[in-house]
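Peer 1: Got a sequence here, can you model it:
(chains A, B and C)
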Amino acid sequence: MGPELGSFLERPVLEVAPLLLGATLRHGQVAVRLTEVEAYDGANDPGSHAHRGPTARNSVMFGPAGHLYVYFTYGMHHCCNVVCGSEGMAAAVLLRAGEVVDGLETARQRRPGSPDRDLARGPARLCRALELDLGQNGARLDTPPLTLEPGPAPEDVASGPRVGLRHASDRAWRFWLPDEPTVSQYRPAVSRPRVRPGR
DNA sequence: CCCGTGATTCTCT
DNA sequence: GAGAATCACGGGC
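Peer 2: Numbers count the residues shown, from 1 in each chain, chains lettered A, B, ... in the order given. Below you'll find the predicted structure:
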């Protein structure tokens, strides 16, 4: 890891997460400026994939900072996180949305008919715009074609509850840049009918 | 609001 | 091992 990026990401996840707003994630010719993220605090955090300890899927989170943790969900979507904190803590920041700032034509081809502001608006769309999938799980963020360039510290950061979790959704660990049109629309969790456990 | 879609993980044998 | 629930989502109506 480049010494600067490495030491930045090794800081506690609740410090790093808001500072990632305005940073630029590039994969090949497409680059996205981050406008919305969520913090996940490893084993301490009931909302984290790492909450129940290391598994085959989440093992990257338990490694050193500065790598990408990508997972596949709902049978069709990918989501990506930046691993941060010290090794073993399994802290990570979910990248929820951003603005495509380079490779716009390529990103449009990956989501035909979509307005530009929606190309990376939402965690699965962001992965699609950047063409991130399981092939990038564990990849370093300081080596082309995959790079993360921190920006200047954001002037104004909003925060609120995380989205779409069953557990620990009360923690206000979602951070976004106010007045950015690419921030994902808040969608209240739809409560699906639960089959009553037997008896 | 509903629902696709399939990997992952949990729970019970 | 098998069967079942869950799921850090997004598109369509």
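Peer 1: quick one: the helices in chain A?
Peer 2: A:3-9, A:13-19, A:104-110, A:123-130 (DSSP state H).
Peer 1: These: lowest mean pLDDT?
Peer 2: Note on those: lowest mean pLDDT is at helix A:3-9, with a mean of 91.
Peer 1: which residues touch it?
Peer 2: Contact partners of helix A:3-9, identified using Cβ atoms under 8 Å, 6 or more residues apart in numbering, comprise A:1, A:16, A:19, A:64-66, A:82-85, A:141-142, A:148, A:150. For the C-beta atoms, the positions are set from N, CA and C on the backbone; glycine is no exception.
Peer 1: That one and DNA strand C in contact?
Peer 2: No - Helix A:3-9 does not reach DNA strand C (Cβ under 7 Å from any atom of the strand); its nearest approach is 14.9 Å.
Peer 1: in that helix, what counts as buried?
Peer 2: A:5-6, A:8-9 (16 or more other Cβ atoms under 10 Å).
Peer 1: So which bits of chain A are right by DNA strand B?
Peer 2: A:49, A:52, A:55-58, A:72-77, A:188, A:190.
Peer 1: when you check DNA strand C, which of those turn up near it?
Peer 2: Answer for those near DNA strand C (Cβ under 7 Å from any atom of the strand): A:49, A:73-77, A:190.
Peer 1: got these as CSV, with neighbour count and pLDDT columns?
Peer 2: Formatted as CSV, those follow (neighbours: other Cβ atoms under 10 Å; pLDDT from 0 to 100):
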residue, neighbour count, pLDDT
A:H49, 19, 97
A:T73, 11, 97
A:Y74, 8, 96
A:G75, 5, 96
A:M76, 7, 97
A:H77, 14, 98
A:V190, 6, 70
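Peer 1: before we move on, back to that, now the residues of chain A next to DNA strand B in CSV, with distance to A:P178?
Peer 2: Formatted as CSV, these follow (distance: Cβ to Cβ, whole Å):
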residue, distance to A:P178
A:H49, 28
A:R52, 35
A:T55, 36
A:A56, 39
A:R57, 34
A:N58, 32
A:F72, 31
A:T73, 28
A:Y74, 29
A:G75, 34
A:M76, 31
A:H77, 26
A:P188, 20
A:V190, 26
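Peer 1: from those, which two are the most distant?
Peer 2: A:A56 and A:P188 (32.2 Å; Cβ to Cβ).
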